[in-house]
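A.B. asks: Compute the structure for the input listed below.
(one chain, ligands or ions: 1)
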Amino acid sequence: MSGVLQPGERVSIIDPKGNKHSLVLEVGKVFHTTKGGLAHDEIIGRSEGIVATTTGGLEFMVFRPLLAQVMVGMPREAAVIYPKDAAQIVMWADIFPGAKVLEAGAGSGALSMVLLRAIGPSGHLYSYERRPEFAAVARRNVSDFMGTTPEYWTLTTGDLNETIQDIPIDRAVLDMLAPWECVETVGNVLIPGGILCCYVTTTTQLGRVMDTLRAHGGFTEPNAVEPSLRDWHAEGLAIRPAHANSGHTGVLVFSRRLAPGVQAPIRRRRPAPGAYGADYTGPLPKNMYFPE
Ligand SMILES: C[S@@+](CC[C@H](N)C(=O)[O-])C[C@H]1O[C@@H](n2cnc3c(N)ncnc32)[C@H](O)[C@@H]1O
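C.D. replies: Got it, this is the predicted structure:
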């Protein structure tokens, strides 16, 4: 995106205290503050990165919003994946230009935007969302952000297990309450070497999805990671972690698909004592070495 700011574009304006406001530019419209009005016409036709001033002298820096800002600021029905987690998904799920990626559920479309940007027009994103009202929000958010509904995006309204298309997929990302219910389905379309990433927010989800992947047998030993990002304050001699920092969001589980008919080698590592105790009712890994 380049060129001068046009009517209909969204801009982020930032005052000297760092307060941000979001505006959709409209010819003749005025943004009112306690220090006078800021005419949109002051901004339209100019480049981003300018400083625009209200009639009372209050200065605002003007920028186009970044994807990370759009993701957390856009209308939402379902909770969105946060930028810090989405960034790690792109790296560790190895999302590449031209990739065929499956995503469920689409929710508010935040991760869809990130994936679409990473795969580009030579790839294809197949998103599934079982709640029609959420799918409508995702569609609107994606087309607002991209200026159009991309041709390389297919959004299917329906449960992934019931509506999945039989198309080979390079990468899959599940962000849903019960991702373990979709492991088998995704395993059927994921190419050998393909990566499945599950984003979970609770420890019970984490345990269940890890054990389901092991029990499937056609996936590598999953690894789980919690991305954490700490802001820093650095001014003069006052250099320390920022007071306000983001708390827990979720854990990412990654695993690779083995070739059809291939089972993961028997694990030589014993599970932690009590990991699968007498009262354990979940799935049992087919390929795990159990102590006597
Ligand atoms: C937390 S939201 C996803 C948010 C999305 N990743 C984003 O960044 O905007 C989880 C969504 O998964 C959907 N969902 C849950 N199970 C599903 C399934 N089996 N098939 C399709 N969608 C499902 C829910 O309706 C919900 O909208």
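A.B. asks: Contacts only, for residue 26.
C.D. replies: 7, 8, 40 (C-beta atoms under 8 Å, 6 or more residues apart in numbering). (Each C-beta comes from the backbone N, C-alpha and C, glycine too.)
A.B. asks: oh sorry, the question was meant for residue 29
C.D. replies: Contact analysis of residue 29 by C-beta under 8 Å, 6+ apart lists 39, 40.
A.B. asks: Phi and psi next, for it.
C.D. replies: phi -80, psi 150 (degrees, to the nearest 10).
A.B. asks: which stretches of this protein form helices?
C.D. replies: For the chain, helices defined by DSSP state H occupy the ranges 67-73, 83-92, 110-119, 132-146, 160-163, 183-189, 203-216.
A.B. asks: For the first one, the averaged confidence score.
C.D. replies: This means helix 67-73. Here helix 67-73 scores 93 as its mean pLDDT.
A.B. asks: For it, buried residues please.
C.D. replies: 69, 70, 71 (16 or more other C-beta atoms under 10 Å).
A.B. asks: Near the ligand, list only the ones from those.
C.D. replies: Checked against the ligand using C-beta under 6 Å from any ligand atom, these give no members in range.
A.B. asks: Now tabulate the residues you listed in TSV and tack on distance to residue 88.
C.D. replies: Below are these laid out as TSV (distance: C-beta to C-beta, whole Å):
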residue	distance to residue 88
69	18
70	19
71	14
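A.B. asks: which among these gets closest to residue 63?
C.D. replies: Closest approach to residue 63 among those (C-beta to C-beta): residue 69, at 9.1 Å.
A.B. asks: need the contact list for that closest one.
C.D. replies: If you count contacts by C-beta under 8 Å, 6+ apart, residue 69 has them with residue 12.
A.B. asks: swap in residue 189?
C.D. replies: So residue 189 contacts 102, 164, 165, 166, 167, 168, 169, 172 (C-beta under 8 Å, 6+ apart).
A.B. asks: that older thread, in terms of distance to the ligand, which of the buried residues of helix 67-73 ranks first?
C.D. replies: Comparing these against the ligand with C-beta to the nearest ligand atom picks out residue 71 as the nearest, at 7.2 Å.
A.B. asks: From residue 157, how far out is the closest one?
C.D. replies: 22 Å (C-beta to C-beta, to the nearest Å).
A.B. asks: repeat for residue 113
C.D. replies: According to C-beta to C-beta, residue 113 and residue 157 sit 18 Å apart.
A.B. asks: ok, these two, which is more surrounded?
C.D. replies: residue 113 (25 against 18; other C-beta atoms under 10 Å).
A.B. asks: residues near the closest residue to residue 122 other than its chain neighbours, how many?
C.D. replies: Among residues not flanking residue 122 along the chain, residue 98 sits closest, at 4.2 Å (C-beta to C-beta, 6 or more residues apart in numbering). The local packing of residue 98 (other C-beta under 10 Å) involves 12 other residues.
A.B. asks: So for residue 98, what pLDDT did the model give?
C.D. replies: 98.
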